[in-house]
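> sequence and predicted model, in that order:
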Amino acid sequence: MTEPNPPAKRSSPLKPILWLLVLGGLGYGGWHWYQKRAATQKGDATSGAVGPGGGRRGQASGPVTVATDTAKEMDFEEWSTVSGTVTPLNVVTVRSRVDGELLKVNFTEGATVKKDDLLAEIDPKPYQVLLDQAKGQKLRDEALEQNAQADLKRYQTLLAQDSIAKQQVDTQESLVRQYKAAIESDTAAVEAAQLQLDYTKVLAPLTGRVGLRQVDPGNLIRASDTNGLVTITQMDPMGLIFAVPQDLVPTLVGYLNTKTEVPVEALSADQRTVVAKGKLLTSDNQINPTSGTLKLKAEFPNPDGKLFPNQFVNVRVRVRVEPKSVVVPAGAVQESSRGRYVYIVNPDQSVSFRQVETGATYREITRIVKGLSLGEQVVVSGLDRLRDGSKIVLASPGGSEGGGGHKHGEKPAGDETAKPEGERKHKRPQ
């Protein structure tokens, strides 16, 4: 017997509906994502492009608050920064000029002494004896000379009477001259003995600061001692030696030849604080072939002792002065792949992109060589939100907007001790 066919399974009418709902949801989600992405791309296209200064090129929702300044004219100074070493103009090792026992030392180590101050005393007794002997010898010869002069006068009287021979008178005249010569020699011997006696008092040869004592009282010292008694270093004025590249040599040596004063500044280690101000004094006579530099010496007033011998400092020397240069605050000049540029303020309170050619920067002021005219306004802060044609509004004085820039018409405050940026900088040759 054959079994009957089993009844066929009936499909559920809900499955097609579920599939339609899933497909519809996916389609709606894709459409919504596409619309959102298109809107985002459109916003980026209008406000997300990068401008020449690195900021957004799109127009902001309103005017951009900025600070401005005016291009001014001044005699712009170009400086070069190098490394140098403080070197005293005079250093003297004080030595005794005579041999003897050191009786007394009259200076304090590290103190400042003046020229001709008494530094030390050497036993004067041996030299006083020599002086007395020289004086005694002179007195003896003077007495002999006086006696010879008296005899000469008598002989001359007798010769006039034809009582003695002329030869005897001539001999007496020769004897008088011998005694006179002896007296001259005795006078020199007395002066030499007096000089030796004076040398027992050791005087300061110059005004300066004394170092550490090399000999203690009670020791026998000699004029041939190499260490001497003490070293005196002149502290005011102070010298400073530094080297400049050979491309600056013609300019700086030319100033020396024409006796033009060249300002030089000594800076602290952070290159922001001016420790002392001086002037160029002289130069070496040849360029170092290894480093390609020339040594120069400057002189600095140092009444307060801020500069110390062998101190390492940074040196700033004025290289040249560019008269009637157009200058702007350093913050106004920006740089991009297209070169350096500024934003010019237009009469309608908009800005224009302008490429410029710049020179050196000194004390936060940049020299404009080309591209900017005297009196034009430039933006000095708020530059990151600007593009060519942006509308602007000036920041109120003292306001937080503008990042500390200068409002139009204000004079930029040049920091006298600020570190110059963009100037020539050279390391000291090894």
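Okay, I see it. Numbering: from 1, shown residues only.
> would you tell me which helix is longest in this protein?
Counting by DSSP state H, the longest helix found in the chain is helix 125-160.
> tell me which other helices or strands it touches.
helix 166-198 (3 or more C-beta pairs under 8 Å, 6 or more residues apart in numbering; DSSP states H and E). Where C-beta positions appear, they are placed from N, C-alpha and C, glycine not excepted.
> quick one: the helix it packs on to helix 125-160, angle?
Orientation note: helix 166-198 sits at an angle of 160 degrees relative to helix 125-160 (axes from the mean of the first three to the mean of the last three C-alpha atoms, to 10 degrees).
> re the thing from before, okay, buried residues for the longest helix of the chain please.
126-127, 130-131, 134-135, 137-138, 141-142, 144-145, 148, 152, 155, 159 (16 or more other C-beta atoms under 10 Å).
> now the strands: where do they sit in the stretch 201-350 of the chain?
Ranges of strands in the stretch 201-350 of the chain, per DSSP state E, counting those that start in this stretch, are 201-203, 208-210, 220-221, 230-233, 238-245, 263-267, 274-283, 293-300, 312-329, 334-336, 339-345.
> how about CSV for those strands, with distance to residue 26 and mean neighbour count added?
Supplementary listing: the strands of the stretch 201-350 of the chain in CSV, determined by distance: least, C-beta to C-beta, whole Å; neighbours: other C-beta atoms under 10 Å:
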stretch, distance to residue 26, mean neighbour count
strand 201-203, 107, 18
strand 208-210, 91, 21
strand 220-221, 108, 16
strand 230-233, 91, 21
strand 238-245, 73, 22
strand 263-267, 71, 21
strand 274-283, 73, 17
strand 293-300, 76, 21
strand 312-329, 60, 19
strand 334-336, 46, 15
strand 339-345, 50, 21
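> right, and those strands - which one's nearest residue 194?
Nearest to residue 194, of all those, is strand 201-203, at 12.2 Å by C-beta to C-beta.
> what does that closest one rub up against?
Here strand 201-203 makes contact (C-beta atoms under 8 Å, 6 or more residues apart in numbering) with 94, 96, 116-122, 124, 229.
> out of the residues you listed, which end up buried?
Buried, going by 16+ other C-beta under 10 Å: 94, 96, 117, 119-122, 124, 229, out of the contacts of strand 201-203.
> now intersect the residues you listed with the strands, please.
Counting by DSSP state E, those place 94, 119-122 in strands.
> now tabulate those in CSV and tack on distance to residue 86 and pLDDT.
Shown next, in CSV, are these (distance: C-beta to C-beta, whole Å; pLDDT from 0 to 100):
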residue, distance to residue 86, pLDDT
94, 22, 95
119, 25, 96
120, 28, 96
121, 33, 96
122, 34, 96
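> pick the one among those closest to residue 354.
Nearest member of those to residue 354, counting by C-beta to C-beta, is residue 94, at 66.6 Å.
> residues touching that closest one, list them.
119, 202, 204-205, 228-232.
> and if you look at residue 89?
234, 237-239, 299.
> now swap in residue 326 and tell me
So residue 326 contacts 71-73, 367-368, 372-374 (C-beta under 8 Å, 6+ apart).
> mind doing that once more with 6 Å?
Applying C-beta atoms under 6 Å, 6 or more residues apart in numbering to residue 326 gives the contacts 71, 368, 372, 374.
> so it bridges to which residues?
Beta-bridge partners of residue 326, counted by DSSP bridges, are residue 73, residue 368.
> ditto for residue 313
According to DSSP bridges, beta-bridge pairing links residue 313 with residue 84.
> wait, it touches residue 264, no?
No. Look at residue 313 against residue 264 with C-beta atoms under 6 Å: they stay out of range, at 10.7 Å.
> need the worst-confidence member of the contacts of residue 94.
Across these, the smallest pLDDT goes to residue 228, namely 92.
> can you tell me how far that one sits from residue 315?
32 Å (C-beta to C-beta, to the nearest Å).
> please apply the same query to residue 108.
Residue 108 is 33 Å from residue 315, by C-beta to C-beta.
> likewise residue 150?
Counting by C-beta to C-beta - residue 150 and residue 315 are separated by 77 Å.
> got it, and residue 247?
17 Å.
> ditto for residue 174
72 Å.
> cool, and residue 267?
7 Å.
> again, but for residue 120
Distance from residue 120 to residue 315, by C-beta to C-beta: 38 Å.
> check residue 263 too.
Counting by C-beta to C-beta - residue 263 and residue 315 are separated by 11 Å.
> go on, residue 63?
47 Å.
> repeat for residue 156
80 Å.
> also residue 78?
Distance from residue 78 to residue 315, by C-beta to C-beta: 15 Å.
> report the contact partners of residue 172.
Counting by C-beta under 6 Å, 6+ apart, residue 172 has contacts 151-152, 155.
> quick one: which of these is nearest residue 178?
Nearest to residue 178 among those, with distances taken as C-beta to C-beta, is residue 152, at 12.1 Å.
> quick check: closest non-adjacent residue to that closest one.
Leaving out its chain neighbours, the residue that sits closest to residue 152 by C-beta to C-beta, 6 or more residues apart in numbering is residue 172, at 4.6 Å.
> ok, now residue 225?
residue 95 (6.3 Å).
> what's the answer for residue 90, then?
residue 234 (4.1 Å).
> my guess is the one you found contacts residue 208. True?
Yes. With contact defined as C-beta under 6 Å, residue 234 reaches residue 208; the gap is 4.3 Å.
> show me where pLDDT drops low in this structure?
Scanning the chain for pLDDT under 70 picks out the ranges 1-16, 18-19, 21-22, 24, 31-33, 35-61, 396-430.
> quick one, domains of it?
64-74+325-425, 81-89+234-321, 90-119+202-233, 124-199 (automatic domain parsing).
> now tabulate those in TSV and tack on distance to residue 17.
Listed next are those as TSV, based on distance: least, C-beta to C-beta, whole Å:
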stretch	distance to residue 17
domain 64-74+325-425	55
domain 81-89+234-321	79
domain 90-119+202-233	104
domain 124-199	127
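> quick one, what contacts the residue lying closest to residue 370 once chain neighbours are set aside?
Among residues not flanking residue 370 along the chain, residue 357 sits closest, at 3.9 Å (C-beta to C-beta, 6+ apart). By C-beta under 6 Å, 6+ apart, the contact list for residue 357 reads 369-371.
> and what of residue 211?
230-231.
> what is the subsequent helix or strand relative to the strand or helix carrying residue 28?
Using DSSP states H and E, residue 28 maps to helix 15-47. Where DSSP H and E defines the elements, the next helix or strand beyond helix 15-47 is strand 64-70.
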